[in-house]
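Undergrad: Need the 3D shape of this:
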Amino acid sequence: MGHEIYLDNAATTPVHPGVAEAVMECMLHDFGNPSSLHRMGLRAEKKLKEARERIALALGVDAEGVFFTSGGTEANNLAIIGTALARKREGRHCITTQIEHPSVLNTFKYLEKEGWEVTYLPVNRDGVVSPDDVRRAIRPDTVLVSIMHVNNEIGSIQPIQEIGRLLKAQGNSPVFHVDAVQSFGKLDIKPVQWGIDLLSISGHKIHAPKGIGALYMRKGVKIHPLQWGGGQERGVRSGTENMPGIVGFGEAVRWLEEVDRDYLYRLKGILVAELTEKVPWAVINGPPPEKGAPHILSVSFPGIRGEVMLHALEEKGVYVGTGSACSSRRGHMSHVLEAIGAKKDVAQGAIRLSLSYLNTEDEMRQAARIIEQCVKELEGFVRR
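TA: Numbering: from 1, shown residues only. Predicted coordinates for the structure are as follows:
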């Protein structure tokens with residue numbers, strides 16, 4: 001097999017070489033516990049502070065509002081359950097959308113079992129929720145609204161700024177949580193200006209290691225901790241900090257400051273143009289490519305199952321996804337494609353191509369050629 005082309009970056013990204021070096025340095029030389037009072041501990045504490053400040057700077061928030069977690073899933077759980085528990089005397093109604101990541105949807109399903117009521121808002125064919133629907137769903141007992149910034153399967157971008165504005169116009173406004181795992185590092189997001197109270201991000205989506213994430217919490221917002229221990233992260237998330245992961249997260253954010261944010265859209269444009277020319281009957285799911293996230297493209301080849309296409313491409317060195325990596329192994333129809341009204345054969349034929357800053361323009365052209373080749377081979381097999 002020749003050069004491999006990795007196009008499953010929405011599932012996870014390769015660790016950037018500079019990030020790997022920083023992580024290794026931390027593990028071998030700066031391995032102290034930041035809670036220790038000796039020199040090694042103080043050195044670790046300094047690195048912890050630097051990473052927190054780097055992430056805060058990228059978000060345009062105060063560093064004391066950034067709390068490290070084990071990843072995006074924990075950040076989402078902490079935001080949702082933590083808010084529900086902290087505000088249960090004010091109300092037990094929450095609002096989200098039908099196309100959220102499983103770490104959000106399944107957390108709300110848990111709350112429903114515990115006595116909360118959840119409204120799951122629909123989206124249009126582009127996978128976008130209506131701010132008017134959000135406004136109409138708000139009740140006096142609504143304590144939390146949780147809406148993702150970028151959908152992980154089809155790349156739809158939600159009108160977060162408009163939703164934040166309308167929520168703040170409410171008298172006793174609900175807490176506004178945004179899952180920004182897929183948008184952080186790719187799109188601008190401004191928690192303070194957009195009225196976001198809680199925001200989840202993850203390291204392994206931006207070329208940092210797995211097992212590290214963060215939750216931004218606006219000053220004055222209260223959440224109930226989900227675990228108890230030594231009081232690290234100011235009591236919000238106890239447990240000895242994952243210093244190699246935190247250092248890697250900070251280094252990845254530092255590297256992203258230097259990249260050209262338009263690069264991903266250029267890559268996506270090349271990929272779409274090549275695919276449209278080579279396989280004109282392919283169906284693009286969700287928003288028009290130029291209106292979606294710069295790094296996610298969902299495309300279907302009706303008549304060819306997505307997992308069959310995935311493995312055919314894998315045999316030729318191209319790695320893609322079929323949806324959320326957290327749930328794609330279960331084999332059921334994508335809840336996201338179902339929510340946007342995709343026909344069964346379209347939904348079953350979907351693959352997700354997701355890009356990173358480490359991909360190249362030539363890889364986009366090569367991938368399109370290989371996809372065309374696989375489609376022709378599989379079409380012939382289906383006809384036989």
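Undergrad: CA atoms for contacts and neighbours, from now on please.
TA: OK.
Undergrad: Can you name the next helix or strand after the host helix or strand of Lys109?
TA: Secondary-structure assignment from DSSP states H and E places Lys109 in helix 102-113. The element immediately downstream of helix 102-113 (helix or strand, assigned by DSSP H and E) is strand 117-121.
Undergrad: Name the residues of the very next helix or strand once past that following strand that are buried.
TA: Where DSSP H and E defines the elements, the next helix or strand beyond strand 117-121 is helix 131-137. Under the neighbour-count criterion of 16 or more other CA atoms under 10 Å, helix 131-137 has Pro131, Val134, Ala137 buried.
Undergrad: ok, now stretch 5-20?
TA: 5-16, 19-20.
Undergrad: now swap in stretch 282-294 and tell me
TA: Buried residues in stretch 282-294 (16+ other CA under 10 Å): Ala282, Val283, Ile284, Asn285, Gly286, Pro287, Pro289, Gly292, Ala293, Pro294.
Undergrad: show me what contacts the closest residue to Arg92 other than its chain neighbours?
TA: With sequence-adjacent residues excluded and distances taken as CA to CA, 6 or more residues apart in numbering, Arg92 is closest to Trp116, at 4.8 Å. Neighbour list for Trp116: Arg92, His93, Cys94 [criterion: CA atoms under 8 Å, 6 or more residues apart in numbering].
Undergrad: what about Trp116, distance to Lys109?
TA: 9 Å (CA to CA, to the nearest Å).
Undergrad: Equivalent analysis for Leu226, please.
TA: As judged by CA to CA, Leu226 and Lys109 stand 17 Å apart.
Undergrad: quick one: buried residues of stretch 32-52?
TA: 32-34, 40-45, 47-52.
Undergrad: And the strands in the stretch 201-350 of the chain?
TA: Under the criterion DSSP state E, counting those that start in this stretch, the stretch 201-350 of the chain carries strands at the ranges 213-217, 283-285, 296-300, 318-319, 350-354.
Undergrad: Point out the most buried one among the ones you listed.
TA: strand 350-354 (a mean of 28; mean count of other CA atoms under 10 Å).
Undergrad: show me what contacts the spatially closest residue to Pro287 that is not a sequence neighbour?
TA: Nearest residue to Pro287 in three dimensions, chain neighbours excluded: Asp126, at 4.2 Å (CA to CA, 6+ apart). Shown in contact with Asp126 (CA under 8 Å, 6+ apart): Ser156, Asn285, Gly286, Pro287, Pro288, Ile340.
Undergrad: Let me have the residues you listed in TSV, extended by pLDDT and distance to Leu57.
TA: Output for those, formatted as TSV (pLDDT from 0 to 100; distance: CA to CA, whole Å):
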residue	pLDDT	distance to Leu57
Ser156	98	26
Asn285	96	34
Gly286	95	32
Pro287	97	30
Pro288	95	31
Ile340	96	36
